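Q: What follows is a predicted protein model with its sequence.
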Amino acid sequence: MQTNLSERARALPGADIAESVLRTCVHCGFCNATCPTYQLLGDELDGPRGRIYLMKQMFEGGEVSASTRLHLDRCLTCRNCETTCPSGVQYHKLLDLGRAAIEAWAPRPLGEVIQRKLLRTVVPRPTLFKTLVQAGEAVRPLLPAGLASKLPRRIKSAKPRPAPRHARTVLMLEGCAQPGLSPNTNAATARVLDRLNISVVPASEAGCCGAVDFHLNAQDAGLARARRNIDAWWPAVEAGAEAIVQTASGCGAFVKEYGFVLRDDPAYAAKAARISELAKDLVEVLGQEPLESLGVRADKRLAFHCPCTLQHAQKLGGTVESVLGRLGFSLTAVPDSHLCCGSAGTYSITQPELSRRLRDNKLDALESGKPDLIVTANIGCQTHLDGAGRTPVSHWIEIVDESIA
């Protein structure tokens, strides 16, 4: 569509990206057909096409209001619209720019500012987050139902990891929320990879991937975390690590964007591009290996929830199902598997009502095939779905690990 950015918008970092994305959109509306919030609310401004118009208006010097901010906040950033779009509109890049601009042009109420600051203070710090989870576990009966549902029903202790001993090595992002909510996930990953003659080498200096800050419109803080991770991983990369494994697809989607978000940083652009090349979701690594050698006894009937960050951001829809099928697991059909569960990072906290409705719809679909267990590939989805107290939800790699004879 024709676009004429205002002088104020042209002065923003990434203005060229905003203009390019806006010009790519032909306003066909196919995106609305697969947008979860449009399906729930039926409001044009709560679908991708309407949000693009709001951002176009904003970048062209039009009105910027609390209403504009609300409609952008309601977006899950699930990127389903990008999968649907026939014109290849990179909506999420425009949304990141729009959200960053609106923070300055239409400041939030104090309550929202404090809430987001608390999230950015707690979630990216694994030790603090784990301590608060443990404290919550201790007083769970006293917590409000909404807060208690954010805690796992049962936290599996991390079983021992094998020491590095193989010629083939990979790095693994430990994450920030996952060590507190599901500490056995990464341990199970290390054990399964070890059986395939691949060792996970530690990089203790690496921390949060930066997505929490970046998607709460603190982009500079998110980029600072990305740079720290690059510095932490670089010695192992130079030593020959063949991949940086992600067990949380939300983190993986962001690490794969390091090359883009740091493209203008002369000190990090080349390294960031290399890190993005090496970033692999766990399924990308396992899918290339002789899985039959694992000796899995697949005796469970599973429903797989494919996170949006896996199928729409990383374009890996169907890959986990393929691996689980190769291992002999029985998988149930999941209607509307392209739709978001409502977790979406911190969305379940900032937009609790919409998030709950999306979660319940997703669970109805996942449970329609009467599985023994629901498995997924992202800690946010796992905790969010399991918090409903219905069919238990785990990370798929833990089920594989438990099923090895």
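A: Yep, it's here.
Q: Centre-most residue in the chain?
A: residue 250 (1.8 Å; CA atoms, centre = their mean).
Q: got the contact list for that residue?
A: 211, 307, 309, 345, 378, 379, 380 (CB atoms under 8 Å, 6 or more residues apart in numbering). The way it works is simple: take the backbone N, C-alpha and C, and place the C-beta from them, glycine included.
Q: now with 7 Å?
A: Listed by CB atoms under 7 Å, 6 or more residues apart in numbering, the contact set of residue 250 reads 211, 307, 309, 345, 378, 380.
Q: Could you look up the SS state of the last one?
A: Looking back up the chat, that one is residue 380. helix (DSSP: H, G, I helix; E, B strand; the rest coil).
Q: Residue 346 is in contact with that one, correct?
A: No: contact criterion CB atoms under 7 Å: residue 380 and residue 346 do not qualify, at 8.6 Å.
Q: So which of the two has more stuff around it?
A: residue 380 (25 against 19; other CB atoms under 10 Å).
Q: What sits closest to the more buried one if chain neighbours are left out?
A: Nearest in space to residue 380, with sequence neighbours left out and distances taken as CB to CB, 6 or more residues apart in numbering, is residue 343 at 4.2 Å.
Q: next one: residue 134
A: In space, residue 134 is closest to residue 180, 7.7 Å off (CB to CB, 6+ apart).
Q: Mind pulling up the pLDDT for the one you found?
A: You'll see residue 180 listed with a pLDDT of 92.
Q: burial count for it?
A: Residues near residue 180, counting by other CB under 10 Å: 24.
Q: The one 4 residues further on now?
A: Neighbours of residue 184 under the rule other CB under 10 Å: 21.
Q: So the residue lying closest to it once chain neighbours are set aside: helix, strand or coil?
A: Closest residue to residue 184 apart from its sequence neighbours, by CB to CB, 6+ apart: residue 156 at 4.2 Å. When classified by three-state DSSP, residue 156 comes out as coil.
Q: Show me where the protein has its strands.
A: For the chain, the strands defined by DSSP state E cover 168-172, 198-200, 244-246, 279-281, 301-304, 330-331, 373-376, 393-395.
Q: Just checking: what are the partner strands of the shortest one?
A: Right, the one you point to is strand 330-331. Counting by DSSP bridges, the strands paired with strand 330-331 are strand 301-304 (parallel).
Q: Can you list the neighbours in contact with the first helix or strand past the partner strand going along the chain?
A: For strand 301-304, the succeeding helix or strand toward the C-terminus, using DSSP states H and E, is helix 308. For helix 308, contacts defined as CB under 7 Å, 6+ apart pick out 78, 79, 80, 340.
Q: and helix 308, how far out from the chain's middle?
A: Here the centre of helix 308 is set off from its chain's centre by 7 Å, with CA atoms, centre = their mean, to the nearest Å.
Q: Also stretch 109-123?
A: With CA atoms, centre = their mean, you get 19 Å for stretch 109-123.
Q: Look up how far residue 315 lies from the residue nearest to the centre of the chain.
A: For residue 250, the distance to residue 315 equals 15 Å [CB to CB, to the nearest Å].
Q: Just the pLDDT at the residue of the chain positioned farthest from its centre, thanks.
A: Farthest-out residue of the chain from its mean C-alpha position, per CA atoms, centre = their mean: residue 7, at 33.9 Å. Looking at residue 7, its pLDDT is 92.
Q: what does residue 158 give?
A: 88.
Q: residues touching it, list them.
A: 183, 184, 187.
Q: So which of the strands of the chain is the most surrounded?
A: strand 244-246 (a mean of 27; mean count of other CB atoms under 10 Å).
Q: what pLDDT, on average, does that one get?
A: 97.
Q: Take the strands of the chain and lay them out in TSV including distance to residue 128.
A: Formatted as TSV, the strands of the chain follow (distance: least, CB to CB, whole Å):
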stretch	distance to residue 128
strand 168-172	21
strand 198-200	24
strand 244-246	22
strand 279-281	26
strand 301-304	32
strand 330-331	37
strand 373-376	25
strand 393-395	22
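Q: other SSEs contacting the lengthiest helix in the chain?
A: When the chain is parsed with DSSP state H, its longest helix is helix 219-238. Helix 219-238 is packed against helix 211-215, helix 258-261, helix 269-278, with contacts defined by 3 or more CB pairs under 7 Å, 6 or more residues apart in numbering; DSSP states H and E.
Q: Return the set of buried residues in the shortest one.
A: What that stands for is helix 258-261. Neighbour counts over helix 258-261 (16 or more other CB atoms under 10 Å) mark 258, 259, 261 as buried.
Q: can I see the domain layout of the protein?
A: As assigned by automatic domain parsing, the chain contains the domains 7-105, 295-402.
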